[in-house]
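>>> I would like to see how this sequence folds:
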Amino acid sequence: MTTTREFRRGEHVVVIQQSGRPDGPDYVLVHGLGMAHESWDGIAEVLRSSGTVRALDMPGFGDSPQPRKPLSIVESGELLAELLISEGIDGSVLVGHSTGAQIVAETAARHPQLVDRLVLIGPTVNPRERTIAKQTLRFLQDMAVVDPRVLAIGAALYTEAGPRWYAANLRPMIDHRIEAALPLISADTLVIRGEKDKVTPRYWGEEIAALAPHGRLCEVPGRGHDTIITAARQVAELIVRHAAGEPVGRAVTTPAEPLKAVQMNRLSALGWWARDYAYAGARQLAIVVEGRRSPARWRVGDADLPEIVLLPGVYEHWSFLRPLGDALNADGHRVLVVHGMGANRRGIADTAELVARALERVRRPPGPAGRIIVAHSKGGLIGKRLLLDERAEALGIRGLVAVCTPFRGARRARLFRDPSIRALLPSDETIVMLGSAASVNSKIVSVFGTFDPHVPDGSALDGATNVRVPVAGHFRVLAARETLLAIRDGIATLSSDVARHD
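Presented below is the predicted three-dimensional model:
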C-alpha cells in the first residue's frame, strides 16, 4: 500500500510517497534536477520488500508546489534533515541521484546522527566541468545511451516542472561543491555510476568515493546517467546489500584513473614537448612587453577572500604566472608576488626562507581567510616547505594549490647538469624530507595534467586533494581553462576547510 502526504516548512513543501514494510531499513529517495518520485518507481518496487520506502518530490518538482525561489543545495539538505526528524527517522538509508546526491551528501555531512548509510548515484557536479555549458554538453552526450523509457519519463517530468523552474535550479546545482561536504560524512557511503555515464565520469566517481571516509564505488555495465531507470533492479539490489552492511563494490583510497600516466607513442610525446616549450618560450618573452612590475590592481581585492601568493617554477620569473594572477585578481583576490627570486634557481629551503621574510614585511590580511599559495612546479615544493615552517600560522598561510609539482622528485632531472634542476632528483635530501613530511598534505591541492614530460611519475600526493585536468603538458597546462577552474575550486576547498576549523 502506498500513502501520500506532505511535509511543510514555510512555503517549502515536500511530497512523500511512502510504501513498504515497517520492520526494515528506512530508505529515503531524493531525485535529481527536473525529476520527481516517479523516477524511483522501479527501485522502490524492489526496496519496499525489505523496508520502508519514502520517495520524495522536492519543492517545485512532481506534485510539490513551486516556492518563490529555489533553495540552495545546503538549504535543501537542511530541509531534508528537518523532514527526517519530523518522520522520526534517526538511522536512514539516504539515496540521492544526480543533484539529489548533492542534497543527501549535505544532510549526511551536517547531521550524521540521522544517517546510517548513504548512496550517491551519478553524483554531480564534476569540479573540472563546473559550468552550465559543460554540464549541458555532458547531458547531451549522455543522451546517446538513453533508453526510450527514460525519454518518456523525463519529458513528462521536465514539462511538469517547466523550463523556467528547471533553469532557476541550475545555478544552485553548479554553485554547490560536494567535494567540501564529502570528507565530513561519517556514514558508510556507496557511489554508483553507469559505466557510460558522461555526466559523472569514472575519475569523478572514484574521487567522490575516495573523499568520503568510508566510500566504495560500484559501476553498472553499459548504462549511463539514467541508470536508476534502465537498471532499476540491479541498482536496488546494490542498495539493499549496502543497507545490510555488505561491502558492495570496491574501496577507493586514491582515485585511480586521474592519477594514471597516459601512455603516448614517441611521436605524440615529442609533439607535446614542442608545444609545451613553445608556450614556455612565449611566456618568457612576454616579460619584455608586460614588464617586471606586478600590476597595481593586484593589491586591491575582497577582504573576505584569501590573499594569493604566486610562486613560479625553476627558471621562471614571477611574471610567468601573470595570466593566473590576472584571473584570480578578477575573481576578487589580492595577489602578491615575491620580488628578488629572479629565475628561481636557489635551493628550495633558501627560497622558502626568502619568501617567508618577504611575507613578514607585508601586513598580514585581516580576518580568517589568510593567504593561499598558488604555485607551479618547483614553486609547489617551496610552498610545502613554507607550510612546514613554524611561522606559517603567523604569516597567515592556509594552504597550497600546486600545479605540476614533482612532490616525489623528477627523475629526468638527471639529464641536466644545472645544480638547480638536479636538486629536483628523487634522491635529493630536501625532496626526501618533503616527501616524508605528510602532516601538511591535507592543506595541499595538487593539480596536474594527463601527460607531463617533466614529471613523468606524476604529481599525486598522498593525503592531498589530487585533481587531474584533461590537458597535457608541464607549462602549457597553465593556460588551460580547466586548470584555472581546478585552481579556483582548490582555493574554495582550502578556504572552506579554514572556515570549518575556525
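>>> Relative to residue 98, how far out is residue 168?
17 Å (C-beta to C-beta, to the nearest Å). For every residue, glycine as well, the C-beta is placed using N, CA and C.
>>> If you count surrounding residues, which of these two has more?
Per other C-beta atoms under 10 Å, whichever of residue 168 and residue 98 has more neighbours is residue 98, with 28 against 15.
>>> Per-residue confidence, the more buried one, what does it come out as?
What the model reports for residue 98 is a pLDDT of 94.
>>> show me the contacts for it.
Taking C-beta atoms under 8 Å, 6 or more residues apart in numbering, we find residue 98 in contact with 31, 32, 33, 35, 121, 122, 123, 124, 199, 225.
>>> How about residue 401?
372, 373, 374, 375, 444, 445, 447, 487, 490, 491, 494.
>>> Equivalent analysis for residue 398, please.
Contact analysis of residue 398 by C-beta under 8 Å, 6+ apart lists 306, 369, 370, 371, 372, 443, 494, 495, 497, 498.
>>> so it is in which element?
Applying DSSP states H and E as the criterion places residue 398 in strand 397-403.
>>> Next: residue 69.
Residue 69 belongs to no helix or strand when assigned by DSSP H and E.
>>> so where is the protein shaky, pLDDT-wise?
Scanning the chain for pLDDT under 70 picks out the ranges 140-162, 252-272, 291, 497-502.
>>> need the next SSE after the strand ranked longest in it, C-terminal direction.
Criterion DSSP state E: the longest strand present in the chain is strand 12-20. With elements assigned by DSSP H and E, the helix or strand that comes after strand 12-20 is strand 26-30.
>>> what's that next one in contact with?
Counting by C-beta under 8 Å, 6+ apart, 20, 37, 40, 43-44, 47, 51-56, 58, 80, 84, 87, 89, 91-97, 100-101, 103-104, 239, 243 sit against strand 26-30.
>>> Can you give me the buried ones in the one helix or strand residue 485 maps to?
In the assignment (DSSP H and E), residue 485 maps to helix 481-501. The neighbour-count check on helix 481-501 (16 or more other C-beta atoms under 10 Å) flags 482-495, 497-498 as buried.
>>> ok, now stretch 71-78?
Of the residues in stretch 71-78, those buried (16+ other C-beta under 10 Å) are 71, 73, 74, 76, 77, 78.
>>> From the chain's centroid, how far away is that stretch?
On the basis of C-alpha atoms, centre = their mean, to the nearest Å, stretch 71-78 sits 19 Å off its chain's mean C-alpha point.
>>> Kindly report the same for stretch 180-198.
In this view, stretch 180-198 has its centroid 12 Å away from the chain centroid, taken as C-alpha atoms, centre = their mean.
>>> End to end on it, go ahead and measure it.
Start-to-end span of stretch 180-198 (C-alpha to C-alpha, to the nearest Å) is 22 Å.
>>> ok so, going back, with distance to residue 214 as added columns, please give the contacts of residue 98 in TSV.
Formatted as TSV, the contacts of residue 98 follow (distance: C-beta to C-beta, whole Å):
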residue	distance to residue 214
31	25
32	24
33	27
35	27
121	17
122	20
123	16
124	21
199	24
225	25
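>>> Quick one: neighbours of the closest residue to residue 453 other than its chain neighbours, just the number.
Nearest residue to residue 453, sequence neighbours excluded (C-beta to C-beta, 6 or more residues apart in numbering): residue 273, at 5.1 Å. As a burial measure, residue 273 scores 15 neighbours (other C-beta under 10 Å).
>>> In three-state terms, how would residue 273 be classified?
helix (DSSP: H, G, I helix; E, B strand; the rest coil).
>>> now swap in residue 336 and tell me
strand.
>>> Provide a list of residues in contact with it.
298, 307, 308, 309, 310, 359, 362, 371 are the contacts of residue 336 under C-beta under 8 Å, 6+ apart.
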